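> Kindly generate the corresponding structure for this input.
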Amino acid sequence: MKKSSIITILVIFILPVALYFFFKTPSESNVSIASPVNKPQVLQFSSQMCYDCKRVEKEIAPLRQEFASQVVFRKYNASTRTEAINRMISQYDINVVPTLIFLDKNGALVRKTEGYLTRDQIRIYLKELTIS
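Reported below is the predicted structural model:
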């Protein structure tokens, strides 16, 4: 086999796989289906390339601090199609991003929202979630 053929194989097949595992965030490898934590949860499904996902992130970021003691916030990159994320996407029937899933303290689905939401809308849903 020629030296140029070996280099081509390395560049086309092996390098992308190696780069994926090198740059993969630790949270992607530890993702599991949301389990009850005796607190309400908000699961945020988004994508890095999604404009509305970035807008929702700006709206929800201050609310994470405001509700930190009452609600567990989890963020998932729906573009990262790991087995665990695929199971959650299937379980919650997620077809678009951004999607927010609101779960009660027992892990039961309370509300599912799709698309852009304002901070005030999200705050209302969080207050409803913490009251129940």
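
> which residues does residue 128 contact?
110, 111 (CB atoms under 8 Å, 6 or more residues apart in numbering). Using the backbone N, CA and C atoms, a C-beta is placed for each residue, glycine as well.

> can you rerun that using 10 Å?
40, 102, 110, 111 (CB atoms under 10 Å, 6 or more residues apart in numbering).

> For the helix or strand containing residue 129, give the mean pLDDT please.
Using DSSP states H and E, the element containing residue 129 is helix 119-131. Mean per-residue pLDDT for helix 119-131: 96.

> quick one, the longest helix along the chain and helix 119-131 angle?
When the chain is parsed with DSSP state H, its longest helix is helix 51-66. Using axes from the mean of the first three to the mean of the last three CA atoms, to 10 degrees, the inter-axis angle of helix 51-66 relative to helix 119-131 is 50 degrees.

> Check which helices and strands the helix or strand following helix 51-66 is in contact with.
The helix or strand immediately downstream of helix 51-66 is strand 72-77, counting by DSSP H and E. Packing contacts for strand 72-77, counted by 3 or more CB pairs under 10 Å, 6 or more residues apart in numbering; DSSP states H and E, involve helix 26-29, strand 41-46, helix 51-66, helix 83-91, strand 99-103.
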